[in-house]
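[1] structural data only, the sequence is not supplied:
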């Protein structure tokens with residue numbers, strides 16, 4: 001649990017397309033949809049490049065953490081290849097547990113939705129509500 005805020009969540013499909021984006025911090029600068037698309041493309045591009053430039057044999061997990069004095073970006077690649085990115089306050093520490101909980105919500109509310117088409121934009125009110133509840137509980 002942490003009192004440091006999460007700023008935003010991005011969910012990107014295997015092709016690098018933005019499937020979902022949500023902002024959570026009221027104090028963060030509001031971005032346009034074009035800004036979010038550019039950020040998602042940049043995050044995915046960095047992830048893809050870093051996963052291919054590993055100096056050792058085997059598979060690389062790509063970019064997992066990027067930290068500046070203003071924010072921390074952390075990623076989680078699901079077993080199905082979907083990449084989840086959280087941005088938040090740099091003082092929060094590791095987001096692994098929170099990212100895995102978000103993936104579980106994605107599996108429960110999005111993937112089990114009979115009207116959802118795989119790798120398409122996510123429009124699911126139950127997912128949105130469960131995500132907000134999870135992040136509020138995390139701030140306590």
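    Ah, there it is. Since the structure is predicted, the reported quantities are computational estimates derived from the model, not experimental observations. Numbers count the residues shown, from 1 in each chain.

[2] low pLDDT regions in the chain?
    Low-confidence segments of the chain, defined by pLDDT under 70: 1-3, 28, 55-60, 139-140.

[3] now the residue sitting nearest the centre point of it. Nearest residue, chain neighbours left out?
    With distances taken as Cα atoms, centre = their mean, residue 85 lies nearest the centre of the chain, 2.3 Å away. Among residues not flanking residue 85 along the chain, residue 10 sits closest, at 4.3 Å (Cβ to Cβ, 6 or more residues apart in numbering). Every C-beta, even on glycine, is put in place using the N, C-alpha and C of the backbone.

[4] doesn't that neighbour fall inside a helix?
    No - looking at residue 10 with DSSP: H, G, I helix; E, B strand; the rest coil, it is strand, so not inside a helix.

[5] show me the contacts for it.
    18, 20-21, 36, 39-40, 43, 84-85, 87 (Cβ atoms under 8 Å, 6 or more residues apart in numbering).

[6] residue 67 reaches residue 92, doesn't it?
    No - between residue 67 and residue 92 there is no contact under Cβ atoms under 8 Å: 10.0 Å.
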